[in-house]
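Chemist: okay, here's the prediction I keep looking at, along with the sequence it came from:
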Amino acid sequence: MLGSQILIESLKAQGVEIVFGIPGGVVLPIFDALYGSGLKVVLTRHEQGAAHAADGYARVTGKVGVCISTSGPGATNLVTGLANAHMDSVPMVAICGQVNTFLIGRDSFQEADITGITMPITKHNYLVKSPGDLPRIIKEAFYIASTGRPGPVLIDIPADISTAEIKKKRLEDEIDLKGYKPTIIGHKKQISSAVNEIEKAKRPLLYVGGGVIIAGAHGELFELAEKLNCPVAHTLMGKGAFPETHPLSLGMLGMHGTWTANTAISNADLIIAVGVRFDDRVTGNLDKFAVNSKIIHIDIDPAEIGKIVPVTIPIVGDSRNVLRSIIDSIASPPKTAEWLKSIEQWRAEHPLDYDRETSKLLPQYIVEKIYELTRGEAIITTEVGQNQMWASQYYKIDRPRRFLSSGGLGTMGYGFPAAIGAQLGAPDELVIDIAGDGSFMMNIQELATAVCNKLPVKVAVLNNGYLGMVRQWQKMFYGGRYSCSCLNGNPEFAAVAEAFGAVGITVREKSEVEPSVKEAISNGRTTVIDFKVESEENVMPMVPKGAALGDMIEFYEEK
């Protein structure tokens, strides 16, 4: 068999059904092997779109997403998507073409050292040097990408490796990689110590992140929260790990989190941190973060424990296994009635709010209306910026793998191609990208991908004519000097959508929101709704950069 044929057979052996990518010179043998292979090949219009689509597919399905690019500029166009997946622990395998082995290092046409370039932003990468290594490398790549703390793996395949004739090798079922042994089961002594602290706590708080969703530990988290009668605050990546409509849910914490969540974590005497990394957008000023609290930190990646915040009890292991052990070991749950009474008072006094009576078209109203009309059952992707924060604040998620957002890297242009991948991974689900005009423009070419594949993805563009979050910071912290944040020259997005063959709708009035959303939900086609929202609406509440969580600004009044 040719190396390219071995590659495709190896992908199928790993259960791959869909690949995203764009052909080019050195990957023509691979795309030729894909022709008639039975694998669905989704031709995106930019390699970054391919990476984000593979990412979205992986987040919704829990499977490994796969993208393919040619060498040089094709491979470097994947870099942002790989960095995004690396920061958010998304299982992905990126296959890049490379110039012939005898041309490597000679500045050949469309040559780039993609393994060197991506070493800091992948979990592992390979440069294939022998065609006989292909089956082993493919198998290892999928194993590494999907086990332990997941992440992207890159495989760089020179053109002559793809065209070489080799015999297919039978591989052993078990993979044994020296130096790579993720710890799955938590240490019994540490778990016992954690249980002891939990039973003594008076003001416990569960602080949960994306690791809970990745581990499939949402059931155990729910059981533990109810057994302890303990409030739960989540990160952006942890949205959906615990039902947001549950009375114990405090919502998101951090820079644009709820007053209740931020106040609770500042007053807790025990923080049970599960699958989180204490990101700076969550902690605020570290010198003032949880200063009176003991911390139990559960994570499968030992490098994350103690990296940012000193912890009282570290537990390395799979969140699902560790939480199960804790649940089974607790004999005397803490008494939290007074603690929950304080939390309910904070919630009543400081709700998430905006001017619901105004006739102006506000983005918060649009997100709430989308939530109402979809009954919270849609898969939501977001772009990055104000649209992302409004989506996280006002669209409640009750199940895991229903909210896809670029958390660690904050990648503008992520949401729409991720929605395409999500729709292909969950073809019977309603998928909506809540977007900003600035972010949507960054990968707007993927409208062609959605239309050509007849995907009924919906895009709700909260169009304020600005790089909204940049403008907000410039208003609040730079004296209102709007340097390069005004997006003069934005197109009419409805017209652009129609030009691509999608449905385009423009909304200017509050009364038009409900009928336009209903139309988009029911039409079965790729649809873009251009909501012409108030141009200078701010995301509130907000913890200023470098401030403590207790220094939240609830309402911003212009001076």
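Modeler: On my side now, so go ahead. Keep in mind it's a predicted model, so treat the numbers as computed, not measured. Residues are numbered from 1 along each chain as shown.

Chemist: who are the contact partners of Ile327?
Modeler: Neighbour list for Ile327: 220, 223-224, 227 [criterion: Cβ atoms under 8 Å, 6 or more residues apart in numbering]. No exception for glycine: its C-beta is placed from N, CA and C like everyone else's.

Chemist: what pLDDT does it get?
Modeler: Ile327 carries a pLDDT score of 98 in this model.

Chemist: which of the contacts of Ile327 lies closest to Asn453?
Modeler: Glu220 (36.7 Å; Cβ to Cβ).

Chemist: so who does the closest one touch?
Modeler: Neighbours of Glu220 in contact, by Cβ under 8 Å, 6+ apart: 319-320, 323-324, 327.

Chemist: element containing Thr381?
Modeler: Using DSSP states H and E, Thr381 sits in strand 379-382.

Chemist: what's the mean pLDDT across that strand?
Modeler: pLDDT averaged over strand 379-382 gives 98.

Chemist: what's the local residue count around Lys288?
Modeler: 14 (other Cβ atoms under 10 Å).

Chemist: against Met542, how distant is it?
Modeler: Counting by Cβ to Cβ, to the nearest Å, the separation of Lys288 from Met542 is 16 Å.

Chemist: stretch 392-400 spans what distance, first to last residue?
Modeler: By Cα to Cα, to the nearest Å, the extent of stretch 392-400 from end to end equals 14 Å.

Chemist: what comes up buried for it?
Modeler: For stretch 392-400, a neighbour-count test (16 or more other Cβ atoms under 10 Å) marks 392-397, 400 as buried.

Chemist: partners of the closest residue to Leu404 other than its chain neighbours in the sheet?
Modeler: Nearest non-adjacent residue to Leu404, counting by Cβ to Cβ, 6 or more residues apart in numbering: Thr381, 4.3 Å away. Applying DSSP bridges to Thr381 gives these bridge partners: Leu404, Asp433.

Chemist: wouldn't Thr381 be in contact with Ala422 here?
Modeler: Yes - look at Thr381 against Ala422 with Cβ atoms under 8 Å: they come within range, at 6.1 Å.

Chemist: got any residues that touch both of these two?
Modeler: The contact lists of Thr381 and Ala422 share 56, 404, 431, where a contact means Cβ under 8 Å, 6+ apart.

Chemist: can you put the residues you listed in a markdown table and add pLDDT, distance to Val212 and neighbour count?
Modeler: What follows is the shared contacts of Thr381 and Ala422, written out as a markdown table (pLDDT from 0 to 100; distance: Cβ to Cβ, whole Å; neighbours: other Cβ atoms under 10 Å):
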| residue | pLDDT | distance to Val212 | neighbour count |
| --- | --- | --- | --- |
| Gly56 | 98 | 19 | 31 |
| Leu404 | 98 | 16 | 30 |
| Val431 | 98 | 22 | 28 |
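
Chemist: just the pLDDT for the closest residue to Pro243 other than its chain neighbours.
Modeler: Leaving out its chain neighbours, the residue that sits closest to Pro243 by Cβ to Cβ, 6+ apart is Asp398, at 4.0 Å. Looking at Asp398, its pLDDT reads 98.

Chemist: the one 5 residues further on now?
Modeler: Note on Phe403: pLDDT of 98.

Chemist: do Lys167 as well
Modeler: Reading off the model, Lys167 has pLDDT 82.

Chemist: ok, now the one 5 residues further on?
Modeler: pLDDT, Glu172: 65.

Chemist: on that earlier part again, looking at the buried residues of stretch 392-400, which are in helices?
Modeler: 392-394 (DSSP state H).

Chemist: Lys129 touches Thr101, doesn't it?
Modeler: Yes - in terms of Cβ under 8 Å, Lys129 counts as a neighbour of Thr101; the distance is 6.8 Å.

Chemist: what sits in contact with each of those two?
Modeler: Ile161.

Chemist: for stretch 150-170, measure first residue to last.
Modeler: End to end - Cα to Cα - stretch 150-170 spans 26 Å.

Chemist: and if you look at stretch 286-293?
Modeler: 13 Å.

Chemist: report the buried residues of it.
Modeler: Buried-residue list, stretch 286-293, by 16+ other Cβ under 10 Å: 289-290, 293.

Chemist: contact partners for the residue most central in space within the chain?
Modeler: Per Cα atoms, centre = their mean, the C-alpha nearest to the average position across the chain is that of Ser405, at 3.9 Å. Contacts for Ser405 (Cβ under 8 Å, 6+ apart) come out as 236-237, 239, 381-382, 384, 388, 391-392, 414-415.

Chemist: drop anything exposed from those.
Modeler: The buried subset of the contacts of Ser405 (16+ other Cβ under 10 Å) comprises 236-237, 239, 381-382, 384, 388, 391-392, 414-415.

Chemist: picking up where we left off before, out of Lys129 and Thr101, which sits in the busier spot?
Modeler: Taking other Cβ under 10 Å, Lys129 and Thr101 do not tie; Thr101 has more neighbours (16 against 13).

Chemist: partners of the nearest residue to the more buried one once chain neighbours are set aside in the sheet?
Modeler: In space, Thr101 comes closest to Pro158 once its chain neighbours are excluded; the distance is 4.6 Å by Cβ to Cβ, 6+ apart. Beta-bridge partners recorded for Pro158 (DSSP bridges): Gln98.

Chemist: alright, that wraps it up for me.
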